[in-house]
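1. please work out how this folds:
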Amino acid sequence: MISKDNACLIIFIRNPVPGKVKSRIAETMGIVNAFTIYQELLKVTHDTCLKMHDCSKLLYYSDEILTDDGWDNQIFEKRLQQGFDLGEKMMNAITENLKKYGSVVLIGSDCPYITMAILREAFDILENNDLVIGPAEDGGYYLIGAKANYPELFKNIDWGSNSVFNQTIEKALNLKVGLLEKLSDIDTETDYKRWKTVFE
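-> Numbers count the residues shown, from 1 in each chain. This next block holds a predicted model:
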């Protein structure tokens, strides 16, 4: 049984600034549309995480902490990502929170297919596994969770490539790993249009 005392959900987001989010979508749909889509993804992520009443929720910004952006300061504890690359930033966030919580699950804001049920399943999987991973269709992953520190999982990974998931699994050979269903991130115009077709 998860609770706010022993489990936390970490949400990694980029500060929403036109021209600095969803660059691959911007290439085909323009900066303004890419920014609007990113805001839409943030809203979906926010609403899904808001339903998770039985775990602590920590929001990690990429550049600066915002206090009036719609993420309630009483519900989401706000922090800043620390590290050289994505791997180091995730590792630092997980390490920091494992000092307080028994289970830590981390997601981004690029996968609107994540549901409350999937998040709950991730915490459930951690009860009997060392690690939980949600593989993405592009070869990365949309979720990772752990009960202990495994810094090797975040080092020497080709972040942004289609081999992130496989490289991570290779580094986790000695761990008991539970997998969630494979989902799609929204990185391109095609990804976005497919998602809107499914949910509208």
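2. what's opposite the residue most central in space within the chain in the beta bridge?
-> Centroid check for the chain by CA atoms, centre = their mean gives Ile107 as the closest residue, at 1.5 Å. Judged by DSSP bridges, the bridge partners of Ile107 are Ile11, Leu143.
3. ok, it - contacts?
-> Listed by CB atoms under 8 Å, 6 or more residues apart in numbering, the contact set of Ile107 reads Leu9, Ile10, Ile11, Phe12, Thr45, Ile114, Leu119, Gly134, Tyr142, Leu143. All C-beta spots, glycine's among them, are computed from the backbone N, C-alpha and C.
4. now do the least confident helix or strand in the chain by mean pLDDT: which elements does it pack against?
-> Least confident helix or strand of the chain, by mean pLDDT, DSSP states H and E, is helix 189-199 with a mean of 91. Secondary-structure packing of helix 189-199 (3 or more CB pairs under 8 Å, 6 or more residues apart in numbering; DSSP states H and E): helix 23-29.
5. and the following helix or strand past the helix it packs on, what's buried?
-> Next along the chain after helix 23-29, taking DSSP states H and E as the criterion, comes helix 31-50. Neighbour-count burial for helix 31-50 flags 31, 34-38, 41-42, 44-46, 48-49 (criterion: 16 or more other CB atoms under 10 Å).
6. okay, angle between helix 31-50 and helix 189-199 too, please.
-> Following axes from the mean of the first three to the mean of the last three CA atoms, to 10 degrees, one obtains 50 degrees for the angle between helix 31-50 and helix 189-199.
7. picking up where we left off before, per-residue pLDDT, the residue nearest to the centre of the chain?
-> On pLDDT, Ile107 comes in at 98.
8. could you do Asp5 as well?
-> For Asp5, pLDDT reads 75.
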